[in-house]
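**Student:** dropping a prediction and its sequence here:
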Amino acid sequence: GAGVSQSPSNKVTEKGKDVELRCDPISGHTALYWYRQSLGQGLEFLIYFQGNSAPDKSGLPSDRFSAERTGGSVSTLTIQRTQQEDSAVYLCASSLAAYTSYEQYFGPGTRLTVT
Amino acid sequence: AQSVTQLGSHVSVSEGALVLLRCNYSSSVPPYLFWYVQYPNQGLQLLLKYTSAATLVKGINGFEAEFKKSETSFHLTKPSAHMSDAAEYFCAVSTDTGNQFYFGTGTSLTVIP
């Protein structure tokens, strides 16, 4: 079946603009995760959803970042008033449930460049 | 709190040689440990995982890793490197008391013909 998809694959935006990044998880996966991968850095955990609920938002870097998930499926990560330090690859993953022994399936990522 | 350290951001091996990628973790509770691989322009793919069963874990593509509690390590090995193994490898740790995964900074593997 289809894997995790993310759109857009690349996004170039001007500093100060808002951006929305989309993630379509694998059908039937109740857990969804967002990560940020900066150049030379590991994956930074941002937020996860179990269903439509995000139990822990402490990984979001600032209040300019927000995420939502509707219908237990598609998720959107929104970055308001983008800054140059937001430039990174944003990865989405899904798993059957939000339990750490379950494998996470990753999407190809969205490369965000803030100019 | 949990964390992962991957020693060596770049590793080069000759084709046919042993691959050894190092991962040390820090966890106050029994960990779950993972190795992921990221091929160029692709998403991360799970290679193998340790979830408190056998300490020697076998994964895909001939890779394996051994959980050593005394050394807090989970090094990834493969007896004979192939050109197709060239990729970025990430070690990750999590626990059964939380739902966060902590990834290392990655090791880029180059295989020399």
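**Tutor:** That came through, no problem. The structure presented is a predicted model; accordingly, all values stated were derived computationally and were not measured.
**Student:** count the residues that sit near A:Ser87.
**Tutor:** 17 (other C-beta atoms under 10 Å in any protein chain shown). Quick note: C-beta positions are derived from backbone N, CA and C, even for glycine.
**Student:** distance of it relative to A:Glu20?
**Tutor:** 16 Å (C-beta to C-beta, to the nearest Å).
**Student:** same deal with B:Ser26?
**Tutor:** 35 Å.
**Student:** and for B:Val11?
**Tutor:** In this view, B:Val11 and A:Glu20 are 37 Å apart by C-beta to C-beta.
**Student:** which one of those two has more residues nearby?
**Tutor:** When B:Val11 and A:Glu20 are compared for neighbours, B:Val11 comes out ahead with 18 against 13, by other C-beta under 10 Å.
**Student:** and that one, bridged to which residues?
**Tutor:** In this entry, B:Val11 is beta-bridged to B:Leu109, by DSSP bridges.
**Student:** touching, it and B:His75? I think so.
**Tutor:** No. The pair B:Val11 / B:His75 is not scored as a contact, 11.6 Å apart, by C-beta atoms under 8 Å.
**Student:** can you list residues touching both of the two?
**Tutor:** Counting by C-beta atoms under 8 Å, 6 or more residues apart in numbering or on different chains, the residues touching both B:Val11 and B:His75 are B:20-21.
**Student:** enumerate every residue touching A:Leu77.
**Tutor:** A:20-21, A:23, A:34, A:46-47, A:65-67, A:90, A:92.
**Student:** for the helix or strand where B:Cys91 lies, packing partners?
**Tutor:** B:Cys91 is part of strand B:87-95, with elements assigned from DSSP states H and E. Applying 3 or more C-beta pairs under 8 Å, 6 or more residues apart in numbering or on different chains; DSSP states H and E, we find strand B:87-95 packed against strand B:3-5, strand B:24-26, strand B:31-38, strand B:73-78, strand B:102-103, strand B:107-112.
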